[in-house]
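Undergrad: kindly return the folded structure for what I paste below:
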Amino acid sequence: MRGVRDDKSERDARRCLRTGCGRDARAPRALCYHIEDMSQWSKQASQQASKHASKQGLKQSSKPSPKPGEKAVTRNLALNRQAGHYYHLLEKFEAGIELTGTEVKSIREGKANLKDGYAIVRKDEVWLIDCHVAAYAAGSYLNADSLRDRRLLLHRQEIDKLGGRTRERGLTIIPLRLYVKNNLIKCEIALAKGKTVWDQRETLRRRTIDRETEQAMREHRRKQ
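TA: Numbers count the residues shown, from 1 in each chain. Below you'll find the model as predicted:
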């Protein structure tokens with residue numbers, strides 16, 4: 001009986017709302033001159049549909065738009081953890097990077113290694129060298145060479161600055177991390193100067209002191 005009632009209510013809803021007119025609302029204008037009254041019926045139908053969706057929990061929740069002064073959320077995909085141990089990091093830059101589709105998927109899975117990577121300025125362009133990106137499992141013949149050179153996207157002023165400082169002062173450019181920002185993969189690079197053996201030992205000594213200090217503070221708080 002429920003099916004019969006549903007069919008009847010659906011058939012009645014399709015009829016023109018003008019009193020005394022029994023024509024089908026889906027009929028062309030030539031067959032029903034009261035078709036303009038269906039705007040009221042369409043509004044009622046949309047309201048009922050929205051109420052039903054909200055009751056069933058099917059209404060999609062829209063994400064709040066970021067505020068003008070709010071920082072974009074970033075997520076690290078690959079880190080060069082040894083950069084701070086072997087180099088003095090003088091100045092950092094944010095760069096885009098040219099990637100193929102399979103490389104993007106592989107990097108998002110965390111299969112990139114920046115340990116042996118570095119960047120050079122070649123013909124007014126910055127290129128990332130020896131950055132290993134593993135082959136994507138489902139990429140098949142679309143996978144590119146894992147150690148291919150990849151172009152970094154920077155402003156002209158930044159490229160000129162990097163080129164000048166690497167030529168004059170003997171500095172090098174190293175990648176620090178790959179991360180996602182506004183759904184795009186970015187590469188953070190830095191102008192760096194190599195540390196001497198004494199500098200490396202001093203870095204280790206400072207890290208050891210900081211770690212022991214934090215541990216002592218945690219133990220003191222527990223005792224309280």
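Undergrad: quick one: low-confidence residue ranges for the protein.
TA: 1-73, 198-200 (pLDDT under 70).
Undergrad: neighbours of the nearest residue to L128 once chain neighbours are set aside, how many?
TA: Using Cβ to Cβ, 6 or more residues apart in numbering and skipping the chain neighbours, the partner closest in space to L128 is R150 (4.6 Å). Any C-beta I mention is one placed from the backbone N, CA and C, and that applies to glycine too. Neighbour count of R150, defined by other Cβ atoms under 10 Å: 20.
Undergrad: one more: the one 3 residues further on?
TA: Residues contacting L153 under the criterion other Cβ under 10 Å number 15.
Undergrad: quick check: the nearest residue to it once chain neighbours are set aside vs A138, distance?
TA: Closest residue to L153 apart from its sequence neighbours, by Cβ to Cβ, 6+ apart: G96 at 3.4 Å. Per Cβ to Cβ, to the nearest Å, G96 is found 25 Å from A138.
Undergrad: that older thread, ok, the residue nearest to L128 - contacts?
TA: I97, E98, L99, W127, L128, C131 (Cβ atoms under 8 Å, 6 or more residues apart in numbering).
Undergrad: now swap in V104 and tell me
TA: So V104 contacts I185 (Cβ under 8 Å, 6+ apart).
Undergrad: can you count the residues close to the closest residue to E188 other than its chain neighbours?
TA: Leaving aside its sequence neighbours, E188 sits nearest to L176 (Cβ to Cβ, 6+ apart; 4.5 Å). L176: 23 surrounding residues under other Cβ under 10 Å.
Undergrad: what do you get for the one 5 residues further on?
TA: Here the number of neighbours of K181 (other Cβ under 10 Å) works out to 15.
Undergrad: cool, and E202?
TA: E202, neighbours per other Cβ under 10 Å, totals 12.
Undergrad: what's whichever helix or strand it is part of packed up against?
TA: Element membership of E202 [criterion: DSSP states H and E] is helix 197-223. With contacts taken as 3 or more Cβ pairs under 8 Å, 6 or more residues apart in numbering; DSSP states H and E, helix 197-223 sits against helix 83-86.
Undergrad: let's see that with 10 Å instead.
TA: Contacts defined by 3 or more Cβ pairs under 10 Å, 6 or more residues apart in numbering; DSSP states H and E place helix 197-223 against helix 83-86, strand 87-97.
Undergrad: okay if I get the ones you listed as CSV plus distance to E219 and mean neighbour count?
TA: Output for the helices and strands packed on helix 197-223, formatted as CSV (distance: least, Cβ to Cβ, whole Å; neighbours: other Cβ atoms under 10 Å):
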stretch, distance to E219, mean neighbour count
helix 83-86, 27, 15
strand 87-97, 32, 16
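Undergrad: distance of G194 from I173?
TA: From G194 to I173 the distance is 12 Å (Cβ to Cβ).
Undergrad: now V133
TA: For V133, the distance to I173 - Cβ to Cβ - is 18 Å.
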